[in-house]
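Engineer: structural data only, the sequence is not supplied:
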C-alpha cells in the first residue's frame, strides 16, 4: 500500500484501488484512479495545501465536469472547501465534549470479586497478591448487591448493561460470582433491562461447578493465557514457581469442548518472544478459543517489557497475521485475531473516538471494599477513585477527569491522523510509561500509526473485493448492518 | 453527488453522503484559494474601540453585524447581495454563532 498525506487526511493506493480517509469524520471513500491521481498532484506543491489549478490540469474532461468532481470532493470533505461545508455529522455526539454534557449513562461495571489470586504472574499490575481469599481482600455480598443496584440505577436509557467478574482470580470466590449474577438477573427482570455477564479468569479454577455457573448465566469468558507451555509457564507460574499449564490445560479442555454458541476468548500478554505470536494464535484457536487478543506487557521496568526490537517484532507478527486474515477472508472465514477484527470493524463503522476507551465514561471498576475506580487496572489509585457504591459517584471529580483528558490529549494529538482511532491510548499505560493518566502514550505513537496503516490496507482490500464480508464482521461485533448491505 | 467518481465505503462516509450539502444554492462557485482584491477590508476591533465619530461603539451586537450592517451600511461589497444574485447565501448561516465557518467567498459568473 502507498499512503499519502493530503492536508491532514490520507490518500491510499491499495492494489490499484484508491481510498481517501477523512480523519475528522472517520469516513472512507473509494475514488476512481483517474480522479485520485490528479488529486495527489493537487496536493503536491503549495506546502501541502490544495492547488485547484494543479488538480484541474491533470484531470480529463471539460470545465463543468471538473468543477462537479471538485464539488463532490468538497462535499465528502476530502478537500476542504475553505470552510464551505455543512455542519459535520458527528457520530460521537453524546460521548464527547465532557464539559458540556450531562451524566453519561453507566453501562459496564467491572467487579473485583477478590484481590486474591492463586497465581504469581511476573507482570501482574495488581498490588496485592496472596494465596487465597481472606476477609480483607474479598468483596462482601452486601457490596456486590450495592454495585449491581448502582449499575441499574445509573444506566439511564441503556437497555443492556454489562457486569464483568474480575479479580485477582474471581473463581476463588465462586459463591460470590454466582450469587451476584443471580441477583443481577433478578434486578434486570425487575427493571425491564438485560444484563450481560463476562468473567476474566486465569483458568486454573475452571471446575465443573464454575463451568456450570458460566453456562447458567451465559457468561462471556476471557482466559488469560500466554501461549504454549514454554512461554506461559515462565510468565504465569504458581507462587513458588510451579508451572500452571498442567493445571490449566485440562480445565480448558472441559471449558472449550463443545462450546457452541458460548464463545470463549483468550487474552495473551506478550512479554517475550513476540515473533511467536502467530504460532500462539494457531495454538490457542486449535484449543477451541473463538478469538485471541494480544497486548504487549505494561511495565515500568524496561527489562520486563518488549523493547523497541520487541515491538518491531510484534508489529511484524501482526502484519503476517493480517495476511493470514485476508487469506481466510477470501475463503469466507474469520480468523479469530481480535486485534485486527477490532480495528477493521472500527474503520468500517466509522467510529470517532475522543477518549481511548469507556473508562470514566460508561465503564468503572469496583474494588472489593466498594470503591469506584476508573478501570480495573487503576483500582487502588487514589487519583482514579470516583466514589463508592454506597455513596455513589463523585460527579465533579469525574467531570474534571474527562475535561483534563480531552484538554491534554486533544491538544497534543491535534495533527495526528489516527487521533480519532487512538485518542492517546490506555490510561494505565500512560500513567506507568508517561507519568500521567492524561498524557498520550507517545512511546507507541509510531507503532500505532503503522498498525492502523496495516488495518487500513486490510480494510481497503476487503472493501474492494468483498464488502459484504466487512458487514458480516461488523455483525460479529454486534453492530446493526447498514441498510444498503442487505439484499 | 454530482459524479460517480467517489463512492462511500464505510458508515462514516455514508453518513456524509446522506446528509448532503446544507443550504447551498446551485449557482454559487467556490474559491478554494485565498481571495485577492480590494473588497477585502477587515477592520477588526473597531466595535470594541469606540471612535469619536458616529457610529460610536456598536449599532448592533457583533454577531449581527455581518448580516445587518451590509447593504447600505458597512459591508456593501463584502456581503453577497441576497436580494438579486445570491438569494440563498444566508441559508448556510442560519445561526451565525454556530455557522459562521460556513461563510465563504462567491463568484458570479
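Structural biologist: Perfect, I can see it now. Keep in mind that what you see is a predicted model, and the values were worked out from it rather than measured.
Engineer: C-alpha from now on. contacts and neighbour counts both.
Structural biologist: Fine.
Engineer: so who does residue A:180 touch?
Structural biologist: A:141, A:144-145, A:148 (CA atoms under 8 Å, 6 or more residues apart in numbering or on different chains).
Engineer: nope, residue A:9 is what I meant
Structural biologist: A:20-23, A:78, A:417.
Engineer: swap in 7 Å and give it another go.
Structural biologist: By CA atoms under 7 Å, 6 or more residues apart in numbering or on different chains, residue A:9 lies in contact with A:21-23, A:417.
Engineer: over to residue A:41?
Structural biologist: A:54-55.
Engineer: does it count as helix, strand or coil?
Structural biologist: Classification of residue A:41 by DSSP: H, G, I helix; E, B strand; the rest coil places it in helix.
Engineer: element containing residue A:10, please.
Structural biologist: strand A:9-14 (DSSP states H and E).
Engineer: so for stretch A:80-94, mean pLDDT?
Structural biologist: Stretch A:80-94 carries an average pLDDT of 49.
Engineer: interface residues of the stretch 251-400 of chain A facing chain B?
Structural biologist: A:348-350 (CA under 7 Å from any CA of the partner chain).
Engineer: of the residues you listed, buried ones?
Structural biologist: A:348-350 (16 or more other CA atoms under 10 Å in any protein chain shown).
Engineer: dump those residues into JSON lines; add distance to residue A:107, pLDDT and secondary structure as well.
Structural biologist: Shown next, in JSON lines, are those (distance: CA to CA, whole Å; pLDDT from 0 to 100; DSSP: H, G, I helix; E, B strand; the rest coil):
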{"residue": "A:348", "distance to residue A:107": "23", "pLDDT": "96", "secondary structure": "helix"}
{"residue": "A:349", "distance to residue A:107": "20", "pLDDT": "94", "secondary structure": "helix"}
{"residue": "A:350", "distance to residue A:107": "21", "pLDDT": "92", "secondary structure": "coil"}
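Engineer: so where's chain B shaky on pLDDT?
Structural biologist: Flagging of chain B using pLDDT under 70 yields the residue ranges B:19-61, B:71-74, B:108-109.
Engineer: so which bits of the top helix by length along chain B are buried?
Structural biologist: Across chain B, the longest stretch assigned as helix under DSSP state H is helix B:11-19. Buried residues in helix B:11-19, counted by 16+ other CA under 10 Å: B:11-17.
Engineer: so which elements touch it?
Structural biologist: If you count contacts as 3 or more CA pairs under 7 Å, 6 or more residues apart in numbering or on different chains; DSSP states H and E, helix B:11-19 packs onto strand A:27-31, helix A:338-349.
Engineer: okay, the angle between that helix and helix A:338-349?
Structural biologist: Computed with axes from the mean of the first three to the mean of the last three CA atoms, to 10 degrees, the direction of helix B:11-19 lies at 10 degrees from that of helix A:338-349.
Engineer: can you pull out the strands in the chain?
Structural biologist: With no chain named, the answer covers chain A. Counting by DSSP state E, chain A has strands at residues A:2-6, A:9-14, A:17-22, A:27-31, A:108-112, A:160-166, A:194-201, A:220-224, A:264-270, A:291-296, A:363-366, A:371-373, A:385-388, A:392-393.
Engineer: think we crossed wires, I meant chain B
Structural biologist: Going by DSSP E, chain B shows strands at B:6-8.
Engineer: which bits of it sit near chain A?
Structural biologist: Counting by CA under 7 Å from any CA, chain B sits next to chain A at B:1-3, B:5-13, B:15-17, B:21-22, B:32, B:101-104.
Engineer: kindly recompute the last result at 6 Å.
Structural biologist: B:1-2, B:5-13, B:21-22, B:32, B:101-102, B:104 (CA under 6 Å from any CA of the partner chain).
Engineer: filter those down to the buried ones, ChimeraX style.
Structural biologist: To isolate the buried members of the residues of chain B next to chain A in ChimeraX, using 16+ other CA under 10 Å:
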select /B:1,5,6,7,8,9,10,11,12,13,21,32,101,102,104
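Engineer: hang on, the earlier thing: let's have the contacts of residue A:9 in a markdown table, adding distance to residue A:54 and pLDDT.
Structural biologist: A markdown table is the format used below for the contacts of residue A:9 (distance: CA to CA, whole Å; pLDDT from 0 to 100):
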| residue | distance to residue A:54 | pLDDT |
| --- | --- | --- |
| A:21 | 21 | 96 |
| A:22 | 21 | 94 |
| A:23 | 24 | 93 |
| A:417 | 24 | 94 |
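Engineer: now, which of the residues you listed lie close to chain B?
Structural biologist: Applying CA under 6 Å from any CA to those, none is adjacent to chain B.
Engineer: which of the residues you listed ranks first by neighbour count?
Structural biologist: residue A:21 (26 neighbours; other CA atoms under 10 Å in any protein chain shown).
Engineer: how about the helices in chain B?
Structural biologist: Taking DSSP H to define them, one finds helices in chain B at B:11-19, B:62-68, B:96-99.
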